[in-house]
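> got a sequence here, can you model it:
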Amino acid sequence: MLEITAPSFLLASPDPALLASFEALLLASGAHVEVVLSAEAALASMTAPQPPALALLDANLPAMDPSFTLARLLATVRANDACKQLPIVLIADTVSQEWIDRLAEGVIDDLILRAGEQAYWQLRLNMVLRTRRQLRELEALRDAAILNAQMDRLTGIYNRETLLSMLFRETDRVQRMNSPLCLVLFDVDDFGHWNERLGTEICDELLCQIVGRTTRLLRSYDLFGRAGKDEFLVALPGCSPVNAVMLAERIRQDVFASPYHLSGESIRLSACFGIAASQGRSPIVVLREAEQALQSAKVAGPESIQCFSQADFPTPAPVTFLTSTSSDELLAW
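Sure thing, here's the model as predicted:
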């Protein structure tokens, strides 16, 4: 049975009457209430690894250090990244200009008058919690929208635009560190034939399985994206063309040599590969070279691997890739 944990609220005040009133109100909502009597104790609770879901601070909260004012407490809490989303409600005798300014700045989320009725307190607290919950939901939706804009909807890997953007950043690193970077562009042979024979739905599943098999061969920092309908691009930081050819061989063997079993069919696919080295140049130029190498591979026939012709390449260092069937590491030279 799923256990639902009650929210934890912080109540910080030296006033026994206020503590009694607010604690009864919060406990009635089913929350766990932590009561503290000083600004230092309130700060410790609000910046703990598991901060409260809501903090109610008395404007008259004392501190052992006279220089540690409530304004300093609030500034310290809001400077902590983990506490920026913590709802803070101030309980005050009057609505001063200072607290109006803090409210406008978002340092506090609401201001409650000490002399109010419990129904008024409850209404304001509910509004604060609901507003914060809506803000978190909006942020989650925004993050999801950004992620969806970066990913290919069918396969879940990077789309062409995002991959190019990441390649520009990776090229900056290549230029700073004088390190190798290679692109491997591969295209499924005669995929239009399979579309006509099997239909779009099964071919979409084929593409997803190709992506799954390929991903298992890549390192965590390799970049993998869908460059076209049945065309995929892998960027290999730290790899020379010889390393890239070895990976293309592994993809040809582990991704395409084994048949795919879908809808009662045993489907044997193949692909052609084009490889180009960055050498710190524009990703647009390097990608165009990989496309030219891919076209040469297609002319050579199915399962061909072609490198774009450049000057002599340096002797490559060993690079580790994983097999698709185990966690054993194979050393590619």
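
> let me see the domain layout of this structure.
Split into domains by automatic domain parsing, the chain comes to 8-148, 154-332.

> for the strand or helix carrying residue 126, the distance to its chain's centre please.
Here residue 126 sits within helix 118-150, counting by DSSP states H and E. Centroid separation for helix 118-150 versus its chain: 20 Å, with C-alpha atoms, centre = their mean, to the nearest Å.

> equivalent analysis for stretch 60-72, please.
The answer for stretch 60-72 is 39 Å, by C-alpha atoms, centre = their mean.

> for it, which positions count as buried?
61, 63, 68, 70 (16 or more other C-beta atoms under 10 Å). To be clear about C-beta, it is placed using only N, CA and C from the backbone, and glycine gets the same treatment.

> would you format the residues you listed as TSV with pLDDT, distance to residue 107 and secondary structure included?
Formatted as TSV, these follow (pLDDT from 0 to 100; distance: C-beta to C-beta, whole Å; DSSP: H, G, I helix; E, B strand; the rest coil):
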residue	pLDDT	distance to residue 107	secondary structure
61	90	15	coil
63	86	17	coil
68	88	16	coil
70	88	10	helix
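
> max pairwise distance over these: which two?
Farthest pair in the buried residues of stretch 60-72 (C-beta to C-beta) is 61 and 68. Separation: 10.0 Å.

> what touches both of the two?
residue 39 (C-beta atoms under 8 Å, 6 or more residues apart in numbering).

> and the helix holding residue 126, what other elements does it pack with?
helix 16-28, strand 54-58, strand 88-92, strand 110-113 (3 or more C-beta pairs under 8 Å, 6 or more residues apart in numbering; DSSP states H and E).

> partner strands of the last one and their direction?
What that stands for is strand 110-113. strand 88-92 (parallel) (DSSP bridges).

> okay, the partner strand in PDB with CA atoms only?
C-alpha atoms of strand 88-92 as PDB (Å, rounded to 0.1, in the frame of the first residue of the first chain):
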ATOM      1  CA  ILE A  88       7.500  32.000   2.700                       C
ATOM      2  CA  VAL A  89       4.700  33.800   4.500                       C
ATOM      3  CA  LEU A  90       5.500  36.600   6.900                       C
ATOM      4  CA  ILE A  91       3.300  37.300   9.900                       C
ATOM      5  CA  ALA A  92       3.400  41.000  10.900                       C
END
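
> quick check: what element follows it along the chain?
Sequence order places helix 97-105 as the next helix or strand after strand 88-92, per DSSP H and E.

> between strand 88-92 and that next one, find me the angle.
160 degrees (axes from the mean of the first three to the mean of the last three C-alpha atoms, to 10 degrees).
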